Structures are given as C-alpha cells and as structure tokens.
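1. any chance you could fold what I've pasted below:
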Amino acid sequence: MRRSIDDSVDDHPAGDPERLPVSWAVALTDDCEACGDGELRVVVTVEEAGRAGAGLVAHLAPTTARRLRVALAAALREIGEDPGA
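-> Numbers count the residues shown, from 1 in each chain. Take a look at the predicted model:
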C-alpha cells in the first residue's frame, strides 16, 4: 500500500541560482522490506523540483514522525506563527 498525503514546492523566491526550488511530498507506505513487512511508515521525500526520483526519501516510524511534527510546530512558534492542530 502506498498513499499520497500532500506535496508542494518550497517558498523560496524563484530565480536564486544558489537555492534551487525544492519539492516535498508526504505519503504512507507499508511495503518497505527493510522496515518490516506490513509495518506502516510515514514517507517524506525531498528533492530538487523537476528531478523526480533524484531526491532523499525518509521512512519515518510513528514516533519519529511525531518528533518531526513537534519540531515544525516549535519552529512556527519561534517565528510568531500559530502551529495549528
């Protein structure tokens, strides 16, 4: 099973030759042989926009996915934004 949750590109202004546009995607999978047969993972993919298949893919266990969520919420609070639900 593989299910896409969301994807987009970063918000860095276009045209900066030192910072290429980056795309990200979040999905779910249970077919990672290395993670354990049938074990659900949150998959986070980050790659240069337009270069599908050339990026980094992280398979996060639920505990690690929650840790990433907490870190993103903390970063949002640091810049004065509501981290949401």
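2. can we go C-alpha only for contacts and neighbour counts from here?
-> OK.
3. got a pLDDT number for the residue most central in space within the chain?
-> With distances taken as CA atoms, centre = their mean, residue 44 lies nearest the centre of the chain, 3.4 Å away. Predicted confidence (pLDDT) for residue 44: 97.
4. and it, how far is that from residue 63?
-> With the distance defined as CA to CA, to the nearest Å, residue 44 ends up 14 Å from residue 63.
5. re earlier: quick check: phi and psi on the residue nearest to the centre of the chain?
-> Dihedral pair for residue 44: phi -120, psi 120, per degrees, to the nearest 10.
6. got it, and residue 57?
-> Backbone torsions for residue 57, taken as degrees, to the nearest 10, come to phi -120, psi 120.
7. for it, give the beta-bridge partners.
-> Beta bridges link residue 57 to residue 45, judged by DSSP bridges.
8. can you check residue 7 too?
-> residue 25.
9. for it, give me its contacts.
-> 23-26 (CA atoms under 8 Å, 6 or more residues apart in numbering).
10. between those residues, which is closest to residue 50?
-> Nearest to residue 50 among those: residue 23, at 8.0 Å, using CA to CA.
11. in the protein, which spans are helices?
-> 62-78 (DSSP state H).
12. where in it is pLDDT low?
-> Applying pLDDT under 70 to the chain flags the ranges 37, 85.
13. picking up where we left off before, ok, and the closest non-adjacent residue to the residue nearest to the centre of the chain?
-> Nearest residue to residue 44 in three dimensions, chain neighbours excluded: residue 26, at 4.7 Å (CA to CA, 6 or more residues apart in numbering).
14. cool, thanks, signing off.
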